[in-house]
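Chemist: Quick one: sequence plus predicted model below, questions after.
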Amino acid sequence: MIVFAIVLLVIGAWAVMVFNGLIALRNQVANAFRQIDVQLKRRHDLIPNLVESVKGEMKFEKETLERVIQARAAAVSAGQGGNINEVLAKEGMLTQALGRLMAVSENYPNLKANESVKTLMEELTHTENQIGFARQLFNDEATKFNIKQQVFPTNLFAAMLGFSASALWELPADSPDKETPKVNLTV
């Protein structure tokens, strides 16, 4: 009887440690996502200023500007819902729209010479880099959390305790960032 009680006590202590470990990892994933959220908010705040600054020069690129504005609106509304998969998708669309805006703006010498546009572009580039670092941290934490749930013997109890795998922040399938860059040195 004493042996049975000791075995139950050991199993109970182990279950508490597993549960607490999973809770800690889930909270680290949530914290990492909030770090991304801070940077995304900064990006969302910069975009209207950038669009206003380039609007006069880029009269012929109305469609590009509208895509950025629509993608920003979709990303902001997705962030308010808290659904990580929706945020991932909408922010991916915004990243693509911003990439297109930055590429197209290279064709306008007046924009490149405009100090306020240059400053906004630099701030946006810095923010994009910060988002990249935050995404890496998020993916690292999400991977740790997912691995912890999938390894034996934790995998026997994780689903019963209400844990599920966390989505990773990935590039959309149709992202131009997935393409191999083409280098031409014959200029």
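Modeler: Ah, there it is.
Chemist: could you dump the one helix or strand in the chain whose mean pLDDT sits lowest to CSV, C-alpha only?
Modeler: Sorting the helices and strands of the chain by mean pLDDT, DSSP states H and E puts helix 109-113 at the bottom, at a mean of 76. The C-alpha trace of helix 109-113 is given here as CSV (Å, rounded to 0.1, in the frame of the first residue of the first chain):
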residue,chain,number,x,y,z
PRO,A,109,14.1,60.4,-57.9
ASN,A,110,12.2,63.2,-56.2
LEU,A,111,11.1,60.7,-53.5
LYS,A,112,14.6,59.4,-53.0
ALA,A,113,15.8,63.0,-52.5
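Chemist: right, and the helix or strand after it?
Modeler: helix 115-150 (DSSP states H and E).
Chemist: So for that following helix, what gets flagged as buried?
Modeler: 117, 120-121, 123-124, 127-128, 130-131, 134-135, 137-139, 141-142, 145-146, 148-149 (16 or more other C-beta atoms under 10 Å). Glycine gets a C-beta too; all of them are placed from N, C-alpha and C.
Chemist: which stretches of the chain have low pLDDT?
Modeler: Scanning the chain for pLDDT under 70 picks out the ranges 59-60, 81-82, 171-187.
Chemist: the inter-axis angle of the helix or strand hosting Leu25 versus helix 115-150?
Modeler: For Leu25, the enclosing helix or strand under DSSP H and E is helix 2-55. On the basis of axes from the mean of the first three to the mean of the last three C-alpha atoms, to 10 degrees, helix 2-55 is oriented at 160 degrees to helix 115-150.
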